[in-house]
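Novice: Let me see the structure of the following:
(chains A and B)
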Number of protein chains: 2
Amino acid sequence: MTIVKRTLEFLDLRFPQQKRKLLTVLQLREMALRARALYDFNSENPGEISMKEHEIVTLYSEQDIEGWLEGTNSRGERGLLPASYVEFLSNDTVSSVNHNSRYSNIPAGGFDLGNQTQESYNTAPAYPALPQQQQHSGTPASDDDWDDDWDDHSSVADEPGVVGGVYRNYEGNRPSTYSISTSSIPRGAQQAKSSATVSRNLNRFSTFVKSGGEAFVLGEAAGFVKDGDKICVVMGQYGPEWQENPYPFACTIDDPTKQTKFKGMKSYISYKLTPTHTQNQVNRRYKHFDWLYDRLVEKFPVISVPHIPEKQATGRFEEDFISKRRRGLIWWMNHMTSHPVLARCDVFQHFLICSSTDEKAWKQGKRKAEKDEMVGANFFLTISTPAAPLDLQDVESRIDGFKAFTKKMDDSVIQVNATLNEFARKQIAGFKKEYQKVGQSFKCLSQAFEIDQQSYSVGLNQAIAYTAEAYDAIGDYFVEQPKQDVDPVMDLLALYQGHLANYPDIIHVQKGALTKVKESQKHVEEGKMEIQQADGIRERCNIISFATLAEIQHFHQTRVRDFKSQMQHYLQQQIAFFQKVTGKLEEALQKYDDA
Amino acid sequence: MTIVKRTLEFLDLRFPQQKRKLLTVLQLREMALRARALYDFNSENPGEISMKEHEIVTLYSEQDIEGWLEGTNSRGERGLLPASYVEFLSNDTVSSVNHNSRYSNIPAGGFDLGNQTQESYNTAPAYPALPQQQQHSGTPASDDDWDDDWDDHSSVADEPGVVGGVYRNYEGNRPSTYSISTSSIPRGAQQAKSSATVSRNLNRFSTFVKSGGEAFVLGEAAGFVKDGDKICVVMGQYGPEWQENPYPFACTIDDPTKQTKFKGMKSYISYKLTPTHTQNQVNRRYKHFDWLYDRLVEKFPVISVPHIPEKQATGRFEEDFISKRRRGLIWWMNHMTSHPVLARCDVFQHFLICSSTDEKAWKQGKRKAEKDEMVGANFFLTISTPAAPLDLQDVESRIDGFKAFTKKMDDSVIQVNATLNEFARKQIAGFKKEYQKVGQSFKCLSQAFEIDQQSYSVGLNQAIAYTAEAYDAIGDYFVEQPKQDVDPVMDLLALYQGHLANYPDIIHVQKGALTKVKESQKHVEEGKMEIQQADGIRERCNIISFATLAEIQHFHQTRVRDFKSQMQHYLQQQIAFFQKVTGKLEEALQKYDDA
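Specialist: Residues are numbered from 1 along each chain as shown, chains lettered A, B, ... in the order given. Here you go, the predicted model:
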């Protein structure tokens, strides 16, 4: 670059017009070789480089090689990038991107979500459900950018799309990662580790592969399982289930408070967490939850990790938003602590227990969690199942039944969500207006009557005036009500939309394992595989199946518990509302006694 | 016409084209000489002929003479008609009128009203208030057409318009009778009975003139007042008031039943009336109420006769209509029996007491009432006032105050009416829909949950299904509710809109009398009138003023009584509604106890 710089300096002095021409050529060239990442991409193989959504990368050629481009990311790392993950930039785009990035390293995705106003009960789900497996799994944020001002550190754009058509793509404008055709997969990935006789899944973006399910089933997972790491599936009344947590606990989340640092330059919200088993309060920020969530998703392939509340760029310190996020975190915590596996895992315990002032201890635990080897494929090694293996045909039909259930439940949750959103909106706008218009007309009547000042008229005039006020107050009750009843149901639905969005991946892993069993049987029949190897695959598929069924069982039990309590709460609040309205009307009625 | 007929027959045979030409000429001529009555017109002077609204009249010339046209009505009577009361007909109009009249002698106005669907809560007042004085006063229906199948015998089109801009014209497309300029008044009318020194009102359509107020003030009323006819105004706590009815009574209106006669060819609704003072049940039809109303309006110039419910052509036998009319008649009866003057008058007593089977007695009483001499101007002769005369300046300011009151009350009644109409409509449509959509979404959720047939899920599924039904039922409650609370208020408002529409005329009569007093004072000052004559005018104005103030006092007391009880009823019904909703939700909540 120094040669170019010198050339330009020279031209500047002698031939300004020529310089301008050269600059344009250079810019055009540079532009053509620049691209912006559309999604996060995490390098998973040697030769690949990672990039974040919106990151600008420099490319060596516009020509892709089997779907891959060579380039350099913003950290100067050189390597391969998937061509379908980037868009080439025009001059205008570059400047606009540069302009945005001037303010902070805010991911634009965060801004997009921020456009959604909090107060408006729109029909979009308050918490768009994001399937877990794709959400910035991979490279954890380094300790160095841990102090980033931005709570909503990572982007939410890398949502997966539809699996088997079951789930809607919440942001239809982004292509599903699942829709990438195998042709865009570089040869290297397809050839890597191809030691097993059973063929590998060609789609390296497949959850079955990414989760480590494939590696485990093929017997490639290896790690030392400590006693404390053992996770038991037992046979319960309704089939396989996770062994109960012998030391159940809960954790409260209170007092979200705005904290500042760097002399008020940066601020964030801190939540007070008090786990019942320690009774020690710790302070955590949203980004801590976010970090923990990433660890859990990475670690547990067939467990539905509850989604944390959506990220939001604007209005982060607004009361409504803070309250809504807190409610979301409470629900999240509730699902975490009541899950026999998630509740007990080290990284969650570290999160709950580690003193928020002992930074050294925190970083130590953080690094330990990020270096945890018992994640993905190795997680399955920690599972201990009952002795009698499952009938895999029976498992398959149960999984299919559950798939149908989640589909129907997802549809109905969407409907309830949309209906209650609309119901709340109507109460806040239309219902309020109607009651207040009635109040207004009574007020008008009482004002007309007040022209007649005869003594026998005064009591009536006052009573009608009070009735007018009562209807006005009832209008306000309608505005306040959704916070009491609709919002909690919406929070519940948001959480379950998250779970329902997780299950296609979970089912996908189990089905992937089952396919491997079928393939291995065929290979044995054809004499291409040793029976022992096939037995190993079947045994490991059995483990995955036990875990999957235990997780499904847990889902059902939690679902019944949660929906029962929320429906009760909803009805109690509705009853309280109508009683409040009745009370106000009774007050008004009494005014006529003396009229 | 026979010559024309023969000519046409001849032409038809020989010169068909010429016949067609001649026909057009004849039709054009005939058309130009035909007109349709826009309003009822009752002949009140020699030389005038009566016509009913929509009646086709033949005219001798299109040229009016000082606002009057010469013509022949449908009964063949020849004489003068007010030009502004008719519209000339084109060929199309004639045939359409003839076409309509083929079915029955239904007044088109009736059909117009009938277009208004009963179920829809539109913003138009359910009972358009019709000022009383103009409503087919004059020629009573003869006994011969008494058996007319048509309950809604007379038209409602002859409403007066705005007096002093206070009241809206309910049917804005019809010119007000008050807007007829004096130039359209025939010379004859202006010259008749011009014996008094104080000048007559030039507008013979003025209520002051029509009501007999002018004649009475000018000392022209004469009649023999029987003791039983005496009506007393006394000084009460709040000023002049009608002497209380020493024998108060009420009258119930029950069991509207469909009756038929002429072997089922004709049918009508009969109401059972039971006055408390006789305890004898009599059956009356709407047309009896209508006839009675006409007598009362004719008889009492400064008393606000409550309007009977609106006429309706279509759906006369529909349950909703019958129920609404009955409610209107009950309100009407309530106002009749609680009015010290109206309750006691002969024609009303005849209506309440005369056996419905004794046709002879009925006709006798009917004829007596129709020949009653103590109507209009003579009514004032029956009034006995306290000895001390009123301060007419004070009266004037009280009347002005009342005028302002009625204006404001009328505005607010219109607003309450429109608001409650809309409130009812919203409950029936929007509120119902919202609650039932919530029910529907819960139903959808319970159906999704039913796919999971595990035993611990069944109770919840049933509870959610019940909740869905509860919300559906609440939706229906919203539909049913307006009948309980909004409709009764609407009935009340309709009745008061009628009273408020009466008052401009009543005020007009009093103001007319006051003007005569002022004029006579001026005449005395100018030496044009004897002081005794002026004193007579003042005394008679005093009587009118006492009666007017007594009527206003009665209005206020009735208003306070009625609005108090209706507001109480409304609130009680609203409370009952919200309690019912609460009860339903509590039922649903209980279902979760066992879930």
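Novice: what about the helix or strand in which A:N542 is found, distance to the chain center?
Specialist: Using DSSP states H and E, A:N542 falls within helix A:531-590. Relative to its chain's centre, helix A:531-590 lies at 19 Å (C-alpha atoms, centre = their mean, to the nearest Å).
Novice: before we move on, what about stretch A:431-447?
Specialist: The answer for stretch A:431-447 is 45 Å, by C-alpha atoms, centre = their mean.
Novice: what does the stretch 151-300 of chain A put close to chain B?
Specialist: If contact is defined as C-beta under 8 Å from any C-beta of the partner chain, the residues of the stretch 151-300 of chain A in contact with chain B are A:Y238. The C-beta positions use only the backbone N, C-alpha and C, and glycine is treated the same way.
Novice: low-confidence ranges in the stretch 151-300 of chain A?
Specialist: A:151-205 (pLDDT under 70).
Novice: Now do the strands in it.
Specialist: Under the criterion DSSP state E, counting those that start in this stretch, the stretch 151-300 of chain A contains strands at A:231-236, A:239-242, A:251-261, A:266-275, A:282-285.
Novice: Format those strands as TSV; extra columns: distance to B:S441 and mean neighbour count.
Specialist: Converted to TSV, the strands of the stretch 151-300 of chain A look like this (distance: least, C-beta to C-beta, whole Å; neighbours: other C-beta atoms under 10 Å in any protein chain shown):
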stretch	distance to B:S441	mean neighbour count
strand A:231-236	32	18
strand A:239-242	30	21
strand A:251-261	29	14
strand A:266-275	32	18
strand A:282-285	35	18
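Novice: Of those, which is nearest A:G76?
Specialist: strand A:266-275 (27.2 Å; C-beta to C-beta).
Novice: which strands and helices sit next to that closest one?
Specialist: Secondary-structure packing of strand A:266-275 (3 or more C-beta pairs under 8 Å, 6 or more residues apart in numbering or on different chains; DSSP states H and E): strand A:251-261, strand A:282-285, helix A:286-299, helix A:319-337, helix A:346-353.
Novice: Residues touching the second one, excluding its own?
Specialist: Right, strand A:282-285. Outside strand A:282-285, the residues that touch it by C-beta atoms under 8 Å, 6 or more residues apart in numbering or on different chains are A:151, A:268-274, A:351-356.
Novice: For these, name the two members farthest from one another.
Specialist: A:D151 and A:I353 (22.3 Å).
Novice: who has more neighbours, those two?
Specialist: More neighbours surround A:D151 than the other of A:D151 and A:I353, with 20 against 15 (other C-beta atoms under 10 Å in any protein chain shown).
Novice: Which residue comes closest to A:M333 once chain neighbours are left out?
Specialist: For A:M333, ignoring the flanking residues on the chain, the nearest one in space by C-beta to C-beta, 6 or more residues apart in numbering or on different chains is A:C251 at 5.1 Å.
Novice: Go ahead and report the secondary structure state at A:A388.
Specialist: coil (DSSP: H, G, I helix; E, B strand; the rest coil).
Novice: what about A:K403, how many residues close to it?
Specialist: Neighbour count of A:K403, defined by other C-beta under 10 Å: 17.
Novice: Isn't it up against A:D505?
Specialist: No - assessed by C-beta atoms under 8 Å, A:K403 is found out of contact with A:D505, at 12.0 Å.
Novice: follow-up on the earlier one: for the helix holding A:N542, what is the average pLDDT?
Specialist: The average pLDDT within helix A:531-590 is 96.
Novice: Specify the angle between it and helix B:531-590 in degrees.
Specialist: Angle of helix A:531-590 versus helix B:531-590, following axes from the mean of the first three to the mean of the last three C-alpha atoms, to 10 degrees, is 150 degrees.
Novice: Could you tell me which residues make contact with the closest residue in space to A:M51 that isn't next to it in sequence?
Specialist: Excluding the flanking residues, the one nearest A:M51 by C-beta to C-beta, 6+ apart is A:A37, at 4.3 Å. Counting by C-beta under 8 Å, 6+ apart, A:A37 makes contact with A:51-57, A:81, A:85-86.
Novice: from the residues you listed, which ones fall inside helices?
Specialist: Applying DSSP state H to the contacts of A:A37, no entry is found in helices.
Novice: Dump these into JSON lines; add pLDDT as well.
Specialist: Compiled in JSON lines, those are given as follows (pLDDT from 0 to 100):
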{"residue": "A:M51", "pLDDT": "87"}
{"residue": "A:K52", "pLDDT": "86"}
{"residue": "A:E53", "pLDDT": "82"}
{"residue": "A:H54", "pLDDT": "83"}
{"residue": "A:E55", "pLDDT": "86"}
{"residue": "A:I56", "pLDDT": "86"}
{"residue": "A:V57", "pLDDT": "86"}
{"residue": "A:L81", "pLDDT": "81"}
{"residue": "A:Y85", "pLDDT": "81"}
{"residue": "A:V86", "pLDDT": "82"}
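Novice: which of those has the most neighbours?
Specialist: A:M51 leads these on contacts (other C-beta under 10 Å) with 27 neighbours.
Novice: So what sits opposite that residue in the bridge?
Specialist: Under DSSP bridges, the beta-bridge partners of A:M51 are A:F41.
Novice: wait, what's in contact with it?
Specialist: By C-beta under 8 Å, 6+ apart, the contact set of A:M51 is A:37, A:40-41, A:57, A:73-74, A:81, A:85-86.
Novice: ok, now how distant is it from B:K403?
Specialist: Using C-beta to C-beta, to the nearest Å, A:M51 is found at 82 Å from B:K403.
Novice: Check A:G439 too.
Specialist: Separation of A:G439 from B:K403 (C-beta to C-beta): 28 Å.
Novice: cool, and A:F555?
Specialist: 74 Å.
Novice: Backbone dihedrals for the residue nearest to A:N245 when sequence neighbours are not counted, please?
Specialist: Once flanking residues are discounted, A:N245 sits nearest to A:P340: 4.7 Å by C-beta to C-beta, 6+ apart. Backbone torsions for A:P340, taken as degrees, to the nearest 10, come to phi -60, psi -30.
Novice: sorry, back to before: the helix holding A:N542 near chain B at all?
Specialist: Yes - Helix A:531-590 comes into contact with chain B (C-beta under 8 Å from any C-beta), by way of A:556-557, A:560, A:563-564, A:567-568, A:571-572, A:574-575, A:578-579, A:581-582, A:585-586, A:588-589.
Novice: who's in contact with the residue located most distally from the centre of chain A?
Specialist: The C-alpha centroid of chain A is most remote from A:Q454, which lies 67.7 Å away (C-alpha atoms, centre = their mean). When contacts are counted by C-beta under 8 Å, 6+ apart, A:Q454 touches B:238, B:556.
Novice: What pLDDT does the model give it?
Specialist: 84.
Novice: ok, now A:S61?
Specialist: Value listed for A:S61 in the pLDDT field: 75.
Novice: chain center to stretch A:497-506, what's the gap?
Specialist: Counting by C-alpha atoms, centre = their mean, stretch A:497-506 comes out at 10 Å from the chain centroid.
Novice: now stretch A:515-525
Specialist: 36 Å.
Novice: buried stuff in that stretch?
Specialist: A:515-517, A:519-520, A:523-524 (16 or more other C-beta atoms under 10 Å in any protein chain shown).
Novice: pull the CA atoms of stretch A:461-470 into PDB?
Specialist: This file holds the C-alpha atoms of stretch A:461-470, laid out as PDB (Å, rounded to 0.1, in the frame of the first residue of the first chain):
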ATOM      1  CA  ASN A 461     -76.700  15.900  38.600                       C
ATOM      2  CA  GLN A 462     -73.900  14.900  40.900                       C
ATOM      3  CA  ALA A 463     -74.700  11.200  40.600                       C
ATOM      4  CA  ILE A 464     -74.600  11.400  36.800                       C
ATOM      5  CA  ALA A 465     -71.400  13.300  37.000                       C
ATOM      6  CA  TYR A 466     -69.900  10.600  39.200                       C
ATOM      7  CA  THR A 467     -71.200   7.900  36.800                       C
ATOM      8  CA  ALA A 468     -69.400   9.700  34.000                       C
ATOM      9  CA  GLU A 469     -66.200   9.600  36.000                       C
ATOM     10  CA  ALA A 470     -66.700   5.900  36.700                       C
END
